[in-house]
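> Provided below for reference: sequence and predicted model.
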Amino acid sequence: MSHIQLINLKETSGTRHAILNDINTAFGATPNMFRAVANSTAALNSMWSAFAALGNGVIPAKLGEQIAVAIANQNQCEYCLAAHTVLGQKAGASAAEMAAAQSGNSHDAKTDAVLKFALKVVSKRAQINRDDVEALRSNGYNDEHIVEIMAHVALNLYTNYINVALDVPVDFPKVKLNAASKN
């Protein structure tokens with residue numbers, strides 16, 4: 001049971017109702033994470049706006065979902081791992097690609113470089129160096145990509161922290177967590 005109330009779309013009004021209604025339309029239901037975040041209209045607006053902005057960015061949806069499962073596993077966030085595994089497959093990733101991403105790996109060198117970078121940012125609390133950034137550039141990523149990868153990392157930390165700290169019930173098919181990476 002969640003440590004905070006899960007907000008019901010039908011019991012809301014105003015901006016909070018409008019945002020939750022958009023989320024409900026996008027997913028076909030209102031995921032529990034958004035119901036928890038809806039306790040604050042400002043936080044809900046911030047999270048939903050970030051998802052929308054990054055959804056229109058230069059990082060493809062499939063790669064964004066692979067980043068999400070790698071970070072979810074690193075932070076032992078069952079909710080985000082379950083949700084982003086489903087969303088990754090909807091974005092075109094195979095089950096094997098998502099399982100590899102969960103461990104921070106990919107058979108594709110460019111994707112693998114991004115996953116290693118993202119996990120290092122998380123594990124080192126952003127204390128990375130120029131060589132880490134250059135590793136992305138050597139795989140074809142420019143500064144726009146690099147900043148957007150950092151935005152994906154930050155958004156996933158936010159969602160991981162919400163779900164873990166507030167014990168939000170998982171409402172996606174569960175995926176078993178792996179031992180967290182030591183990156």
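Arrived safely.
> any idea which helix or strand comes after the host helix or strand of Ser46?
Ser46 is part of helix 41-55, with elements assigned from DSSP states H and E. For helix 41-55, the succeeding helix or strand toward the C-terminus, using DSSP H and E, is helix 61-74.
> Please work out the angle formed by the directions of that following helix and helix 41-55.
130 degrees (axes from the mean of the first three to the mean of the last three C-alpha atoms, to 10 degrees).
> Give me the distance from helix 61-74 to the chain's centre.
6 Å (C-alpha atoms, centre = their mean, to the nearest Å).
> Quick one: list the elements packing against that helix.
helix 41-55, helix 78-90, helix 95-102, helix 109-123, helix 143-165 (3 or more C-beta pairs under 8 Å, 6 or more residues apart in numbering; DSSP states H and E). For the C-beta atoms, the positions are set from N, CA and C on the backbone; glycine is no exception.
> Of these, flag the one that's most buried.
Across those, averaging neighbours per residue (mean count of other C-beta atoms under 10 Å) puts helix 78-90 on top, at a mean of 22.
> That one packs against which elements?
Judged by 3+ C-beta pairs under 8 Å, 6+ apart, helix 78-90 is in contact with helix 32-37, helix 61-74, helix 95-102, helix 143-165.
> what mean pLDDT would you report for it?
The average pLDDT for helix 78-90 rounds to 98.
> Same question for stretch 171-179.
Mean predicted lDDT for stretch 171-179 stands at 95.
> mind checking the end-to-end distance for that stretch?
22 Å (C-alpha to C-alpha, to the nearest Å).
> so where's the protein shaky on pLDDT?
By pLDDT under 70, the low-scoring segments of the chain are 180-183.
> Roughly how far does Tyr161 sit from Gly140?
In this view, Tyr161 and Gly140 are 31 Å apart by C-beta to C-beta, to the nearest Å.
> try Ala109
Counting by C-beta to C-beta, the gap from Ala109 to Gly140 is 9 Å.
> try Ala99
With C-beta to C-beta as the criterion, Ala99 and Gly140 are 25 Å apart.
> Does Thr12 touch Ile23 like I think?
No: applying C-beta atoms under 8 Å, one finds Thr12 not in contact with Ile23, separated by 11.4 Å.
> The two: which is more packed in?
Using other C-beta atoms under 10 Å, the more surrounded residue of Thr12 and Ile23 is Ile23, with 22 against 18.
> What helix or strand is the more buried one located in?
helix 14-27.
> Next one: Trp173 from Val69, what distance?
For the record, residue 173 is Pro, not Trp. 13 Å.
> Equivalent analysis for Glu144, please.
23 Å.
> For Gln76, what are phi and psi?
Backbone torsions for Gln76, taken as degrees, to the nearest 10, come to phi 50, psi 50.
> Surely it touches Val164?
Yes: counting by C-beta under 8 Å, Gln76 touches Val164, with 7.1 Å between them.
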